[in-house]
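# Give the three-dimensional model of this entry:
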Amino acid sequence: MSDENLQSGGVHNSEGFERQDLGARAVFGFLIGLAVVGILVYLVANGLYASLDRYQQAHEPAQNPLRPAVERDTRDTEAAKVGQQIDQRFPEPRLEKDERNELTEFRQHEEERLNSYGWVDQQAGVVHIPIERAMQLVAERGLPVAPPAGSTPSASKQAKPAAKGQKR
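Sure thing, here's the model as predicted:
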């Protein structure tokens, strides 16, 4: 604080705030102007897209007369109808018919595999277990540790004990 404020008890002589609020007329004027600008932007964008669509249709090359005419709008929400259209229009191999449902089925299959017991290779005795159980086992037993590089295994693992009467 400056010395003047300390001497006068810290009170300012000039007040630093407005005595009058913003009027309702100015607020409503701004909101009306914002609405008008929003409507103008909408109309301009809509007109621009309409003119671009007309331009594209006017300059689109003629379709091959040997190929049957196709509908322009291929969007549809019925999965069965879309699947039939794809079967009719596209040659083999078809990669996807209904990507949303195929992805959902794939995710469900993966969830079931992550949360169930089963054989990976029955002849080798390899199984898969639920991921939660695997995390519990790792927390209880810990992860296997490899010996440091360049070190020899411990003596108990290195050599079998000698038979009685034999010298090492």
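
# Now name the helix or strand holding residue 127.
Take DSSP states H and E as the rule and residue 127 turns out to sit in strand 126-128.

# Give me the helices and strands touching whatever helix or strand comes next after that strand, please.
Following strand 126-128 in sequence order, the next helix or strand is helix 131-141 (DSSP H and E). Judged by 3 or more CB pairs under 8 Å, 6 or more residues apart in numbering; DSSP states H and E, helix 131-141 is in contact with no other helix or strand. Quick note: C-beta positions are derived from backbone N, CA and C, even for glycine.

# Where is the longest helix in this protein?
Of all segments of type helix in the chain, defined using DSSP state H, the longest is helix 24-58.

# Let's test this: mean pLDDT of it, rounded?
Averaging pLDDT along helix 24-58 yields 95.

# what's downstream of it, the next helix or strand?
helix 79-89.

# Show me the strands paired with the strand holding residue 127, marking each as parallel or antiparallel.
Here strand 126-128 is paired, per DSSP bridges, with strand 118-121 (antiparallel).

# What are the contacting residues of the partner strand?
Contacts of strand 118-121 with the rest of the structure, by CB atoms under 8 Å, 6 or more residues apart in numbering, involve 126, 127, 128.

# Can I get it as CSV, trimmed to CA atoms?
The C-alpha trace of strand 118-121 is given here as CSV (Å, rounded to 0.1, in the frame of the first residue of the first chain):
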residue,chain,number,x,y,z
GLY,A,118,-11.8,-72.0,-21.3
TRP,A,119,-9.2,-73.9,-23.2
VAL,A,120,-6.7,-72.2,-25.5
ASP,A,121,-4.9,-75.5,-26.3
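
# buried sites along that strand?
When burial is assessed from 16 or more other CB atoms under 10 Å, strand 118-121 yields no buried residues.

# Alpha carbons of stretch 28-43, as PDB, please.
The C-alpha coordinates for stretch 28-43 follow below in PDB (Å, rounded to 0.1, in the frame of the first residue of the first chain):
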ATOM      1  CA  PHE A  28     -32.400  -6.800 -25.400                       C
ATOM      2  CA  GLY A  29     -30.800  -4.900 -28.300                       C
ATOM      3  CA  PHE A  30     -27.800  -7.200 -28.300                       C
ATOM      4  CA  LEU A  31     -30.000 -10.300 -28.100                       C
ATOM      5  CA  ILE A  32     -32.200  -9.200 -31.000                       C
ATOM      6  CA  GLY A  33     -29.100  -8.300 -33.000                       C
ATOM      7  CA  LEU A  34     -27.600 -11.700 -32.200                       C
ATOM      8  CA  ALA A  35     -30.800 -13.500 -33.400                       C
ATOM      9  CA  VAL A  36     -30.900 -11.500 -36.600                       C
ATOM     10  CA  VAL A  37     -27.200 -12.300 -37.400                       C
ATOM     11  CA  GLY A  38     -27.900 -16.000 -36.600                       C
ATOM     12  CA  ILE A  39     -30.800 -16.100 -39.000                       C
ATOM     13  CA  LEU A  40     -28.800 -14.300 -41.700                       C
ATOM     14  CA  VAL A  41     -25.900 -16.800 -41.300                       C
ATOM     15  CA  TYR A  42     -28.400 -19.700 -41.500                       C
ATOM     16  CA  LEU A  43     -30.000 -18.300 -44.700                       C
END
